[in-house]
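# Just need the structure, nothing else, for what follows:
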Amino acid sequence: QVQLVESGGGLVQPGGSLRLSCAASAFALDYYGIAWFRQAPEREREFVGCIKGNFFVLGVSVQGRFTISRDMRNRTIYLRMNNVKPEDTAVYHCATQNECTDSATFLQWGQGTRVTVSS
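Numbering: from 1, shown residues only. Next up, the predicted model:
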């Protein structure tokens, strides 16, 4: 069974950092890539990144600023957000993907955690 629970969102100033967490079920981690996508009002859903095994990929708009990692012992996927910008404001969801690409379908996702970048 797939279970995904996000946490760590909040208010952060431009240029600041934030770390989001995704607690995933063992089943999700064993069989899927775990991705992050974000949804902002009046904007399309945007792929942020994904990790599967030792492979990870980041979306173009966050490369060089965000990193993605996982802690298998605690079954948690992290999204480290550095040098955040106002355009990073969105609800961030973790999701399962069969393949870690920016075009692969998001199969299941959690309720999301809201990130607001503002001074």
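# now the helix or strand of the chain with the lowest mean pLDDT, how far from the centre of its chain.
Lowest on mean pLDDT, DSSP states H and E among the helices and strands of the chain sits helix 26-31, with a mean of 90. On the basis of CA atoms, centre = their mean, to the nearest Å, helix 26-31 sits 16 Å off its chain's mean C-alpha point.
# Spatially central, which residue of the protein would that be?
Closest residue to the average C-alpha location of the chain: Trp36 at 2.6 Å, with CA atoms, centre = their mean.
# hmm, who's touching the least confident helix or strand of the chain?
1-4, 34, 70, 72, 75, 96, 108 (CB atoms under 8 Å, 6 or more residues apart in numbering). For glycine as for every other residue, the C-beta is placed from the backbone atoms N, C-alpha and C.
# Go again with 6 Å.
1-2, 75, 96 (CB atoms under 6 Å, 6 or more residues apart in numbering).
# Most neighbours among these, which one?
Within these, most neighbours by other CB atoms under 10 Å means Thr96, with 24 neighbours.
# That one: which element?
strand 90-97 (DSSP states H and E).
# still on that earlier bit, check the offset of the helix or strand that the least confident helix or strand of the chain is followed by from the chain's centre.
Later in the chain than helix 26-31, the nearest helix or strand by DSSP H and E is strand 33-39. Centroid separation between strand 33-39 and its chain, computed with CA atoms, centre = their mean, is 4 Å.
# Next secondary structure after strand 33-39?
strand 46-52.
# Could you name the helices and strands sitting against that following strand?
Using 3 or more CB pairs under 6 Å, 6 or more residues apart in numbering; DSSP states H and E, the elements in contact with strand 46-52 are strand 33-39, strand 66-71.
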